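Trainee: How does the following fold in three dimensions:
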Amino acid sequence: MAIIDQNSPSKFTATVEYPYLPTGRIFHFVPLDDPFMIAAKQAAEDKVACSWWPTGAVLVKEEKIIGRGSNAGRFVPLCPRYKNNCPTGTGYELCLNECQQTSHAEVAAIDDAIALGADPAGADLYLFGHWWACENCWNHIIKFGLKRVFLVENADQIFTREKRIALMKEIELRLAKQENVRPQDIKWII
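Mentor: I've put the predicted structure just below:
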């Protein structure tokens, strides 16, 4: 676990304990209405299939979006990681096996930039829907030379496990009543 003071270009004073943060790396923070964070939110909402943690990312270089990604895959209304009570940062094999999710939003945005012929080196990544990035995502971020990772201000308070558990319980009730659950029903409410 890494602990970091959220002092960055924004006005944070709280200390957050991240499940993973590479040595020498920090998160940067922007308001929810930052244009690139709005684009990351849109990426999450346009293609998201992950009912547990809908996340979107955009890669920005020279003030232009060069790649977009989300936790895409096959939509499963009740997340298998939730059903199996997986701790934070674990159970990703369920994402692949049950939801056919092949990457997180961060990796998908990098892959999208490369597929579009852009060089991700030196780009910034804006991540909506999460308060940290897993080790695999950080490995890609570092491997492809991304400069900074931006999160929403107060991301650790906005994107919480408690909020997702409450939503999963609501979805369980809806499914028990044989109600339809659609991908747009699982978006973050902010």
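
Trainee: Could you use CA atoms for every contact and neighbour count after this?
Mentor: Will do.

Trainee: Count the neighbours of residue 162 for me.
Mentor: Summarising burial for residue 162: neighbours were counted as other Cα atoms under 10 Å, giving 9.

Trainee: phi, psi of it?
Mentor: Summarising the backbone geometry of residue 162 under the convention degrees, to the nearest 10, its torsions are phi -60, psi -40.

Trainee: again with residue 18
Mentor: phi -90, psi 140.

Trainee: Touching, it and residue 135? I think so.
Mentor: No - the pair formed by residue 18 and residue 135 falls short of the contact definition of Cα atoms under 8 Å, at 11.0 Å.

Trainee: tell me the contacts of the residue nearest the centre of the chain?
Mentor: Compute the mean C-alpha point of the chain, and by Cα atoms, centre = their mean the closest residue is residue 55, 3.5 Å away. With Cα atoms under 8 Å, 6 or more residues apart in numbering as the criterion, the residues that contact residue 55 are 41, 43, 44, 48, 70, 71, 104, 105, 127, 128, 129, 130.

Trainee: rerun at 6 Å
Mentor: For residue 55, the contact set (Cα atoms under 6 Å, 6 or more residues apart in numbering) comprises 44, 70, 71, 128, 129.

Trainee: So which of these wins on neighbours?
Mentor: Neighbour counts for those (other Cα under 10 Å) peak at residue 70, which has 32 neighbours.

Trainee: Now do the contacts for it.
Mentor: With contacts defined as Cα under 6 Å, 6+ apart, residue 70 is in contact with 43, 44, 48, 55, 56, 105.

Trainee: Beta-bridge partners for it, please?
Mentor: residue 56 (DSSP bridges).
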